[in-house]
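J.: I need the structure of the sequence given here:
(one chain, ligands or ions: 3)
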Amino acid sequence: MGVRPLIRFLRVVLAALAGLTLAGAPALAQDRRPLILISIDGFRAEYLERGLTPTLGALAEGGVRARAMRPSFPVNTYPNHYSLVTGLRPDRHGLTDNTMIDAARPELKFSMGARDQVQDRFWWDGGEPIWVTAERQGVKAATLFWPGSEAPVHGVRPSIWQLYDETLPAFDRVDRLLGWLDLPAGERPGLMALYFETVDTIGHHEGPDSPELNAAVRTVDLSLARLVAGLKARGLLDQVNIVIVSDHGMAPISPDRLIVLDEQYPADAFRWITMGSMAGLIPADAGAERLLVGRHDHYECWRKGEMPARLKYGSHPRIPPVMCLADTGWTLTTRERQSQRPMTRPGGAHGYDPEDPMMQAIFIAHGPAFRPGVVLAPFDNVSVYPLLARLLDLTPAPNDGDPADTAAALR
Ligand code: AMP
Ligand code: ZN
Ligand code: ZN
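T.: Ligands and ions are numbered 1, 2, ... in the order given. Next up, the predicted model:
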């Protein structure tokens, strides 16, 4: 028996001897502090240096931050939110992109807007999200919007969850979380997850260098200030552990940087599944595939099994046979798409090379588990899950993360 399982075992024995169940032990006991996990969608690492985020700055100063956190490929919302909470690369957990097909359901397309698919565990069962790990090991979880939290993954749902509702104001989300902390000890969740989309939404519409984006960053920081104030008022700021992450960054895009694929290939050379900073293509035949594969002006395409090893992507059956990646700031499209949903003005996008500085995400942590003032070297976002499991004293499911990435942050 390893040291941690041994400690867990001894704790159970001691609790039993004292006539206590673990659930009956004080919820804020030293051993299992509540853990708050927050995602700020599309919060680029560099945004922290704009002097707009006093709350995030204070949490990092009194706790831990990473110089940057590397997203997993593909650098989109669903794949990365699921990597953060499962510790698996998208190639393994199966959320291979925001939009997917699966041979087992040939008539269907998974997309963020396909509500019945988003709520179907079929798409999510390739990974074990931290709230399932928690619930299976007796720790209640509450989620307020996290991709995957609307499906009964492996048959398990968070004790508290809600269908995604973009219109729920950020302050109300914070108040909901504070309300969870006010629940009686037996009902209070040990793991609480919160999600904010506005920085991503505005980043797409107005671009990462716009005043509107800066305003959105300020707004999210104000929401976090409300959370910190609520925790202070309850005497909990130094009792709970808080982990704040983002899924990816944002790069400026422009109608001046379009790659219209069907102007470069015969009209029937391919069908497409995804299009944008990346394109997932199904070539018509081997000849079309040969034309597509290789380096071209402002983009590169690979057969799925031949992608660069550093992307750790290409084996999952849901990945289309040919994947193209645009150079940062360029957009892959088709004539039809440009006529239906034309890009008419500059904006923002992600989905580019995970090494690009503009794609880097944030990691900030605060609370009794963390050593104040530590600045971690950039690490891969799959290492967040094993950290979360450790903070909750849970046995993690098998994952691609490395506990050593965050070890220096822990007391
Ligand atoms: P992306 O297209 O990768 O930029 O995805 C970001 C978008 O995902 C945001 O605009 C959110 O509104 C949306 N989103 C996040 N979570 C959910 C969810 N659970 N259901 C539907 N849409 C979501
Ligand atoms: Zn996102
Ligand atoms: Zn986005």
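J.: For Trp302, which non-adjacent residue is closest in space?
T.: Computed as Cβ to Cβ, 6 or more residues apart in numbering, the closest residue to Trp302 that is not its neighbour in sequence is Met323, at 5.8 Å. For every residue, glycine as well, the C-beta is placed using N, CA and C.
J.: Of all the residues in stretch 270-285, which ones are buried?
T.: 270, 272-281, 283 (16 or more other Cβ atoms under 10 Å).
J.: What is the end-to-end distance of it?
T.: 8 Å (Cα to Cα, to the nearest Å).
J.: Excluding chain neighbours, give the residue nearest to the residue of the stretch 301-411 of the chain found nearest ligand 2 in space.
T.: Closest contact between the stretch 301-411 of the chain and ligand 2, by Cβ to the ion, is at His350 (6.6 Å). Leaving aside its sequence neighbours, His350 sits nearest to His248 (Cβ to Cβ, 6+ apart; 4.5 Å).
J.: pretty sure that neighbour is touching Asp356, no?
T.: No: contact criterion Cβ atoms under 8 Å: His248 and Asp356 do not qualify, at 10.0 Å.
J.: more neighbours, the two?
T.: Each of His248 and Asp356 has its neighbours counted (other Cβ atoms under 10 Å); His248 has more, 32 against 17.
J.: And the more buried one, how far from ligand 3?
T.: Noted for His248: a distance of 7 Å to ligand 3, by Cβ to the ion, to the nearest Å.
J.: That residue: what's it in contact with?
T.: Applying Cβ atoms under 8 Å, 6 or more residues apart in numbering, we find His248 in contact with 42, 44, 71, 75-77, 80, 350-351, 359, 361.
J.: next helix or strand past the one helix or strand in the chain whose mean pLDDT sits lowest?
T.: Every helix and strand in the chain was compared by mean pLDDT, DSSP states H and E; the lowest is helix 3-17, with a mean of 45. Scanning forward in sequence from helix 3-17 by DSSP states H and E, the next helix or strand is strand 35-40.
J.: so for the helix or strand following that next one, what's the average pLDDT?
T.: For strand 35-40, the following helix or strand on the C-terminal side (DSSP H and E) is helix 54-62. Helix 54-62 carries an average pLDDT of 98.
J.: Can you tell me the closest non-neighbouring residue to whichever residue of the stretch 201-350 of the chain sits closest to ligand 2?
T.: Ligand 2 sits closest to Asp247 of the stretch 201-350 of the chain, with a gap of 4.3 Å, by Cβ to the ion. Among residues not flanking Asp247 along the chain, Asn80 sits closest, at 3.8 Å (Cβ to Cβ, 6+ apart).
J.: From Ala58, how far out is the one you found?
T.: 26 Å (Cβ to Cβ, to the nearest Å).
J.: When those two are compared, which one has more neighbours?
T.: The residue with more neighbours, out of Asn80 and Ala58, is Asn80; 29 against 15, by other Cβ under 10 Å.
J.: Spatially, and excluding backbone neighbours, which residue is closest to the spatially most central residue of the chain.
T.: With distances taken as Cα atoms, centre = their mean, His81 lies nearest the centre of the chain, 2.1 Å away. Distances taken as Cβ to Cβ, 6+ apart place Pro147 nearest to His81, at 4.2 Å, with adjacent residues excluded.
J.: thought Trp123 was touching Phe110?
T.: Yes: the pair Trp123 and Phe110 qualifies as a contact (Cβ under 8 Å) at a distance of 5.4 Å.
J.: Now list whatever residues contact both of the two.
T.: With Cβ under 8 Å, 6+ apart, Trp123 and Phe110 have common neighbours 100, 102, 117.
J.: Tell me the one among the residues you listed nearest to ligand 1.
T.: Closest approach between those and ligand 1, by Cβ to the nearest ligand atom: Gln117, at 10.4 Å.
J.: How about the host helix or strand of the closest one and ligand 1, any contact?
T.: Applying DSSP H and E as the criterion places Gln117 in helix 115-118. Yes: Helix 115-118 is in contact with ligand 1 by Cβ under 6 Å from any ligand atom, via Val118.
J.: buried sites along that helix?
T.: In helix 115-118, counting by 16+ other Cβ under 10 Å, buried: 117-118.
J.: of all of this protein, which residue lies closest to ligand 2?
T.: Counting by Cβ to the ion, the chain gets nearest ligand 2 through Thr77, at 3.1 Å.
J.: what's the nearest residue to that residue if we skip its chain neighbours?
T.: With sequence-adjacent residues excluded and distances taken as Cβ to Cβ, 6+ apart, Thr77 is closest to Asp247, at 5.5 Å.
J.: How is the one you found assigned, secondary-structure-wise?
T.: In three-state terms, and counting by DSSP: H, G, I helix; E, B strand; the rest coil, Asp247 is coil.
J.: which residues touch it?
T.: Counted by Cβ under 8 Å, 6+ apart, Asp247 has contacts 39, 41-42, 71, 76-77, 80-81, 84, 361, 381.
J.: from these, which single one is nearest Leu213?
T.: Closest to Leu213 out of the contacts of Asp247 is Gly42 (9.3 Å), distances taken as Cβ to Cβ.
J.: Find me the pLDDT at that closest one, would you?
T.: The model's pLDDT for Gly42 equals 98.
J.: ok, it touching His350?
T.: Yes: between Gly42 and His350 a contact is recorded at 6.7 Å, counting by Cβ under 8 Å.
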